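Q: please work out how this folds:
(2 chains)
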2 protein chains.
Amino acid sequence: MKINQFSIAPTSPAQRQAELKQLRLLKGDEENQLNAKELFETLLARTHLSCTTPLTSKEWLHDLLATPTVAVDDWLANDQPLTSDVFYRVALQLLEFEPGVDFKLDAPLAAWHKLGLPIEEHDQWTASDAINAYYLLLNTRGKGGQIFIDQLTAEGFLAWSYQLPADQKPLFFNGKPLASFDPARFIREVVYVETDMDTDFDGQADLVKAEIIRPVESNQGLRVPAVFTASPYNQGTNDEWGDQATHKVDHPITHKEAGQDAPAEMAFPIEFSHRQVTGHAQQATQHFSDSPAYTLNNYLAVRGYAIVYSAGIGTKDSDGLQTCGSPEQADSMKAIVEWLHGDRRAFTDRTGGITIAADWCNGNVAMTGRSYLGTLATAVATTGVPGLKAIISEAAISSWYDYYRENGLVRAAGGFQGEDADTLADETFSRTKRPADFARIKPVYDKYVHQLAKAMDRGTGNYNAFWDRRNYRKDIKGIKAAVMMVHGLNDTNVKPSNVKALYDALQDLPVESKLILHQGQHIYINAFQSLDFSEMANLWLANKLWDVANQADQVLPKVLVQDNAQPETWNAYDHWTAGQALTLHLDEHSLIDSNVHVAKEVIFNDHHDDDTYQVWCKDPAKWQAALFADPGYFSHRFTSQPVKQDLLLRGTPRVSLSVASSSDHGLLSAELIDLGHDRRLTTSPVIINRGGIRLGYHWASDDLREFRLQKKATDYKVIARGHINLQNRHDPATVDPLNPHELVNVAFDLQPLFHRLTAGHRLGLIIYATDYAFTLQGNEDINYQVSLENAILTVPGVNYLN
Amino acid sequence: MKINQFSIAPTSPAQRQAELKQLRLLKGDEENQLNAKELFETLLARTHLSCTTPLTSKEWLHDLLATPTVAVDDWLANDQPLTSDVFYRVALQLLEFEPGVDFKLDAPLAAWHKLGLPIEEHDQWTASDAINAYYLLLNTRGKGGQIFIDQLTAEGFLAWSYQLPADQKPLFFNGKPLASFDPARFIREVVYVETDMDTDFDGQADLVKAEIIRPVESNQGLRVPAVFTASPYNQGTNDEWGDQATHKVDHPITHKEAGQDAPAEMAFPIEFSHRQVTGHAQQATQHFSDSPAYTLNNYLAVRGYAIVYSAGIGTKDSDGLQTCGSPEQADSMKAIVEWLHGDRRAFTDRTGGITIAADWCNGNVAMTGRSYLGTLATAVATTGVPGLKAIISEAAISSWYDYYRENGLVRAAGGFQGEDADTLADETFSRTKRPADFARIKPVYDKYVHQLAKAMDRGTGNYNAFWDRRNYRKDIKGIKAAVMMVHGLNDTNVKPSNVKALYDALQDLPVESKLILHQGQHIYINAFQSLDFSEMANLWLANKLWDVANQADQVLPKVLVQDNAQPETWNAYDHWTAGQALTLHLDEHSLIDSNVHVAKEVIFNDHHDDDTYQVWCKDPAKWQAALFADPGYFSHRFTSQPVKQDLLLRGTPRVSLSVASSSDHGLLSAELIDLGHDRRLTTSPVIINRGGIRLGYHWASDDLREFRLQKKATDYKVIARGHINLQNRHDPATVDPLNPHELVNVAFDLQPLFHRLTAGHRLGLIIYATDYAFTLQGNEDINYQVSLENAILTVPGVNYLN
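A: Here you go, the predicted structure:
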């Protein structure tokens, strides 16, 4: 087991003492009156909450070991001094590491170091050493995936603080707010924010519903920041609809001519009216009980952040239509930020005209959430809206073309073959959940989506005006908020190219950015045992939203990457792409350094017998297995020599070659693979303790998780993929001619890498056509002839590790 | 979708009106002053909580459809009368069924009937009809797996009731307490109950810790009943230990001689001292924040039941050792009931001598929980302890021999090959979680478990004194509590023979019993969409613990069985076994009605090549597939003709035949299979809505689940298994001689059935020896010769269904 902590803020001894006093762990002049051992005893006793009498305190200490054989109460009674050994032996037990399982009782320091926990060692412990070490211990992460102070808080350690006056809150500890807000007294209210659009063609500005959870202290003078999650899913989804609206993919691509432009999507009215204001209310009149929550938001809620959810236009209780990532959808989310910042009006209900202000908000807003949620956070950030100070953009789309298309191809998100912009609109159009409202809006919506489906153009797969409106990268320079990006290197749903483009563009801007790349797929990472992500987010948001001078920007790494070969290992870097460039030439079956070839070309054919075809269409995993086993019938594999030392591959690989299709259309796909019989990380994190992370005292919980090494070794792992339509050789928006058997040059990017190829492993590149997991499934009798002259694979940055 | 409700208590119109008034849904003389339509409007408006103004109420009604095209507010304004069509169209929407997905807007009554929901239809609706129908609607289960009143309560509908004086609580509705207790003010306290045993040999009576969650009103004069879950797992488990302590199973059984008796387990001291009482406290001094909870208990907690957890002897903060189901472990749990009933003392801490009474308890106790938890509930019930009024015994062991042994064989619980009584003791001995306490007790525990491992006797697999002490069936006649049994017909962990034996014995006693058999494995059933299990439990416990005259015993079916062929279908019966007896004779490859045989014997051999053997040891599912495909090498299959009509098989099947082993030892196994290419229910319930069941207002949640039909058809399903050591032909406690090649008569039970064999399916019986999923894996070159003369399969009860 290894624990990685990046969220500990530097503090002075004086600050530590002051904070411990604020938490009532130190009192009066104890730091000067007690010796190290007495201080240790005092801090221990005050830490253990359930002991309300000296007797129960002694009982508790009697069950902890100070030495391998002597209990803490007996050790306290003897004349042995406090040592590092005793301190960290007890500390391990407090952090719920188990003797005999997680550490050896006779070697606590060795275990502490191996776990990677922060330490203060001393030959002779002074009073001040004991205080400093205990302070650090309170900020140290235990086996249960929480820092010790949060572990205590979940037991009720801070329940007394619920009664503190609003102006004494939040309690900050080590630069971060503690869970000192009573969730039983949260205010949960609903408002309707008025936008400047009319996407449902009713002549009135669309209202969007927002649900707010905030501490009662925010009605008592404490102005709190807001953490806003824009989730089109939050008011319900039409799962049955989505299934019906899924497109067929068992058909070929076709030859394209230039100028086959898809029709435009419907334009929304420019003229519409705003609501008459009839009065102003101090308090909301509508409330709600629960909303689907992101557990990071739950973690933040008891720490004093107001949590805001909105599903935006085209959802239950809001106006408007579902537009799949259009600027209007983003603007409907921006409107929420504007209201929170005091720049826009909201109403207490949909018809009464009574406005309500977010007086309780300090005007500082962050946006959080993964996938569509993170996508909208990114989109709103590009508007530079005032008040938006930070976004945590997780697994976010930065251009929808990268989500549903690639280089002139209809190309799916992993696991969602046949889904497209119209499908997603249907799935999220939750005005269905209000049957009469839906009955009234249905004709308008049907007409709109019908046109949207034409505009997205599944026919050519080309980049066009529809996709350009949904490409937020054009506006990255507008971003003013600090950006924390989180993305899975194995995310085949929202692919890493999305975050790479955002990350790259941000490096040229005067905006603070942080990047975290993990080894997961399309997941959240706030419940891992090995990483203090929630605490990092709390430190960072404390800085951005509460204006705490905690040095968050300096403390947190610029680029943090989970290692793919070693579990529980997170390394800090300054850049994504770095190191030497690597160029490998494609030869007969090899990836080689030199351009001296044995073979001139390879040929494969994309057609299969119908049985095989049917099986692969239904189960792309079987196709993937066949692809790996294929000796060269429908693909061609090029393999490097085993690497002599670990190789860190960084950045976006690119394949360049010449190819001829036997038809007037064609596509090329490539898989980059890490070849080597080895135990790799599990695809998904394994749940270690269901509900084991308690986000506050009698509050929400989360499942403690971690990637493990798989039980069985595997032969390879796909580390990047890429696909291109041979008629989009220059540009996804531009159609190139293609004649049968004509050799044409193509060059295309694969998904970006941050991958350690361990010594003895080889790099493999498989070139093929139809990708049963991602592209249309044509099963055409097309021969592909790939010329190996000047066929290369490049990786922009490589580090040779020892 | 089908909804099955069994928990609706019969009520008079007067009672319904009174209850609606108590809930503030009806006021004054409205039942006489308003007409049906006005009452419907009034009830609707008062039901919708988040509408605090007439305006928002109108907005809400404007989004509900009264007719396929007219919203409720518009319909209320017109002169159309209330009709059944309108009432149930609106009702479907209130229960969150979706137009176009779950019902057709133009045919609400058809959908209502098809869903199986309770209905009151009228040609002309009177005021009283509207009240009665709305009352029934409040008790009707919606798409989300909750009755409407609970759905509303989760939204805050009863928040006002938190402030009612204690003597006005609980609020009963339809014979069941509502969620009117504020979870934010729950008291969570710890006490230490003193037992009359000394299982850790320290000369002092063992203390066992109990954790209590109870409403604040129980400190204000309201005496509440207690629901107690006895869970040895609740204070943590030693998972790493358990893995290490798992026994090897890749070895043969051996020849047994009579008189090979295993040594006795250690006896516990008879003489020991009790604690000095030094005083008495009114309030507990120790508290806790959270304990792993059974969600049914969470559901009950906000309904006013006190919830009590104890892990018993040998767990964290308690004294004693882990004894795996011994009478001492059961007695340590009985002690909790006795304290709750006022018959035993508890202390506020482990050393101070201050006693504390359960003054807040009305003396009525129920026990709940599944598996080991239900087992201990059953064991405590057999003591007839005063105060224990009811147990809900789920997937419970009634004799531990049936859990780890079968007919003279070491035979595992499904999925837990190599686990035994000593392993389970190790896994649950959570005194390890207090390192100093563990260091002190370890030598005593090691010695005890070492002896326990000998006494359980893996060598012979015989029933002996060790298992006899852990056989609660001997004492079923002592049961005084009402018993609700819940068991999965596909539970291969705790097998249905356990519940069958308990059920059968209870039928001869003056004790109220209820039996629920579901199609799951080793699971809880309180979060199914199709069954109102929580409400049934609430109705039943209201009767047993709150003494509410709700006719629970009459309303709830005696035997309730989930259908195996049709999803979401639950049928009520009066008995488990019933119908005609069925006898089938084993012929060459057939199961036939007559005793005229084609073949005289069949022979198979139990040995496999080493590769196959290794694979099957690691992956018993592969062995099962091979067994089904085996043409007769290592097994023999007998198959009936397809049945012409559905056949309901009820009770314990039995196989009788003669067999010879080519060795001086041997075993026989049998699988009964339902043969027929068909879509069957999923093995586990599918999660429909994670966290979708809200057990109260801002309180715990559960995942809504349901069995679905599997997507793909399968060829067969194992419906019962049985195993016997050929040297225990007469009795698991008695060793019979066995000579090689000697034909001996054996008869043994398979697991009990409640199974519908649908028309066209066939019954199959596979006879074999080693069961890689359950028995030791000997891989010996043994020939088994089965004589077909007088070889029969019997099923005691069969119904022919049309």
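Q: residues touching whichever residue of the stretch 151-300 of chain A sits closest to chain B, list them.
A: With CB to the nearest CB as the measure, residue A:184 is the residue of the stretch 151-300 of chain A nearest to chain B, at 3.4 Å. The C-beta positions use only the backbone N, C-alpha and C, and glycine is treated the same way. Residue A:184 makes contacts with A:698, B:184, B:698, as judged by CB atoms under 8 Å, 6 or more residues apart in numbering or on different chains.
Q: which bits of the stretch 301-450 of chain A sit near chain B?
A: Counting by CB under 8 Å from any CB of the partner chain, the stretch 301-450 of chain A comes close to chain B at A:349, A:350, A:351, A:352, A:432, A:433, A:434, A:435, A:436, A:437, A:438, A:439.
Q: so which of these sit within helices?
A: Among these, the members falling in helices (DSSP state H) are A:435, A:436, A:437, A:438, A:439.
Q: can you add neighbour count and distance to residue B:781 and give those residues back as CSV?
A: Output for these, formatted as CSV (neighbours: other CB atoms under 10 Å in any protein chain shown; distance: CB to CB, whole Å):
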residue, neighbour count, distance to residue B:781
A:435, 24, 70
A:436, 23, 76
A:437, 21, 74
A:438, 20, 71
A:439, 19, 74
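Q: from those, pick the one nearest residue B:174.
A: In terms of CB to CB, no member of those lies closer to residue B:174 than residue A:435, at 27.7 Å.
Q: distance-wise, check that closest one relative to residue A:82.
A: 69 Å (CB to CB, to the nearest Å).
Q: try residue A:211
A: On the measure of CB to CB, residue A:211 and residue A:82 end up 51 Å apart.
Q: which of the helices and strands in chain A ranks last by mean pLDDT?
A: Least confident helix or strand, chain A: helix A:239-245 with a mean of 80, by mean pLDDT, DSSP states H and E.
Q: and it, what does it pack onto?
A: Contact here means 3 or more CB pairs under 8 Å, 6 or more residues apart in numbering or on different chains; DSSP states H and E; on that basis helix A:239-245 packs against helix A:421-428.
Q: contact partners of the helix it packs on?
A: With CB under 8 Å, 6+ apart as the test, helix A:421-428 has contacts from A:232-233, A:237-239, A:241-242, A:245-247, A:311, A:314-315, A:321-325, A:372, A:400, A:404, A:449, A:452-453, A:456, A:466, A:470.
Q: domain parsing for chain A?
A: As recorded under automatic domain parsing, the domains making up chain A are A:13-176, A:181-573, A:580-800.
Q: any idea how far apart the tips of the first one sit?
A: Read it as domain A:13-176. Length of domain A:13-176, first residue to last, CA to CA, to the nearest Å: 17 Å.
Q: how much space separates the spatially closest residue to residue A:39 that is not a sequence neighbour from residue A:81?
A: Distances taken as CB to CB, 6 or more residues apart in numbering or on different chains place residue A:130 nearest to residue A:39, at 4.3 Å, with adjacent residues excluded. Using CB to CB, we find residue A:130 at a distance of 11 Å from residue A:81.
Q: which of the two has more neighbours?
A: Shown here are residue A:130 and residue A:81; by other CB atoms under 10 Å in any protein chain shown, residue A:130 has more neighbours (25 against 10).
Q: now do the SS call for that one.
A: helix (DSSP: H, G, I helix; E, B strand; the rest coil).
Q: where does the stretch 1-150 of chain A have low pLDDT?
A: By pLDDT under 70, the low-scoring segments of the stretch 1-150 of chain A are A:50-52.
Q: hmm, back to that, in a markdown table: the contacts of residue A:184, plus distance to residue B:599.
A: A markdown table is the format used below for the contacts of residue A:184 (distance: CB to CB, whole Å):
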| residue | distance to residue B:599 |
| --- | --- |
| A:698 | 69 |
| B:184 | 72 |
| B:698 | 69 |
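Q: quick one: residue A:139 and residue A:11 touch, right?
A: No. With contact defined as CB atoms under 8 Å, residue A:139 does not count as touching residue A:11 (9.1 Å).
Q: any residue of the helix or strand in which residue A:212 is found touching chain B?
A: Residue A:212 belongs to strand A:207-214 when elements are defined using DSSP states H and E. No. Strand A:207-214 stays clear of chain B (CB under 8 Å from any CB), getting no nearer than 10.8 Å.
Q: pull the CA atoms of stretch A:305-320 into CSV?
A: The C-alpha coordinates for stretch A:305-320 follow below in CSV (Å, rounded to 0.1, in the frame of the first residue of the first chain):
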residue,chain,number,x,y,z
TYR,A,305,-19.3,25.8,0.1
ALA,A,306,-22.8,26.3,-1.3
ILE,A,307,-23.6,23.6,-3.8
VAL,A,308,-25.6,24.4,-6.9
TYR,A,309,-27.1,22.1,-9.5
SER,A,310,-28.8,23.0,-12.7
ALA,A,311,-29.7,20.9,-15.7
GLY,A,312,-30.0,23.8,-18.0
ILE,A,313,-32.4,24.3,-21.0
GLY,A,314,-34.5,21.4,-22.1
THR,A,315,-34.9,19.7,-18.7
LYS,A,316,-37.6,19.1,-16.1
ASP,A,317,-39.0,22.4,-14.8
SER,A,318,-36.8,24.5,-17.1
ASP,A,319,-37.7,26.0,-20.5
GLY,A,320,-35.9,25.3,-23.7
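Q: just how off-centre is it within its chain?
A: 21 Å (CA atoms, centre = their mean, to the nearest Å).
Q: buried residues of it, list them for me.
A: A:305-320 (16 or more other CB atoms under 10 Å in any protein chain shown).
Q: narrow those to those in strands?
A: Among the buried residues of stretch A:305-320, the members falling in strands (DSSP state E) are A:306, A:307, A:308, A:309, A:310.
Q: export the residues you listed to CSV and tack on distance to residue A:226?
A: Formatted as CSV, these follow (distance: CB to CB, whole Å):
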residue, distance to residue A:226
A:306, 4
A:307, 8
A:308, 5
A:309, 11
A:310, 11
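Q: out of those residues, who's nearest chain B?
A: Nearest member of these to chain B, counting by CB to the nearest CB, is residue A:307, at 14.3 Å.
Q: show me the shaky parts of chain A.
A: A:50-52, A:242.
Q: the longest strand along it packs against which elements?
A: Counting residues, the longest strand found in chain A (DSSP E) is strand A:783-800. Here strand A:783-800 touches strand A:580-586, strand A:601-605, strand A:647-651, strand A:654-661, going by 3+ CB pairs under 8 Å, 6+ apart.
Q: that strand: partners in the sheet, and parallel or antiparallel?
A: Note on strand A:783-800: by DSSP bridges, its sheet partners are strand A:580-586 (antiparallel), strand A:601-605 (antiparallel), strand A:647-651 (antiparallel), strand A:654-661 (antiparallel).
Q: that one: which residues count as buried?
A: Going by neighbour count (16+ other CB under 10 Å), the buried part of strand A:783-800 is A:783-784, A:786-788, A:791-798.
Q: for those residues, work out which two are farthest apart.
A: Top of the distance list for the buried residues of strand A:783-800 (CB to CB): A:783 and A:797, 35.8 Å.
Q: quick check: beta-bridge partners of the residue positioned nearest the centre of chain A?
A: The centroid of chain A falls nearest to residue A:394 when counting by CA atoms, centre = their mean (2.7 Å). With beta bridges defined as DSSP bridges, residue A:394 has these partners: residue A:370, residue A:486.
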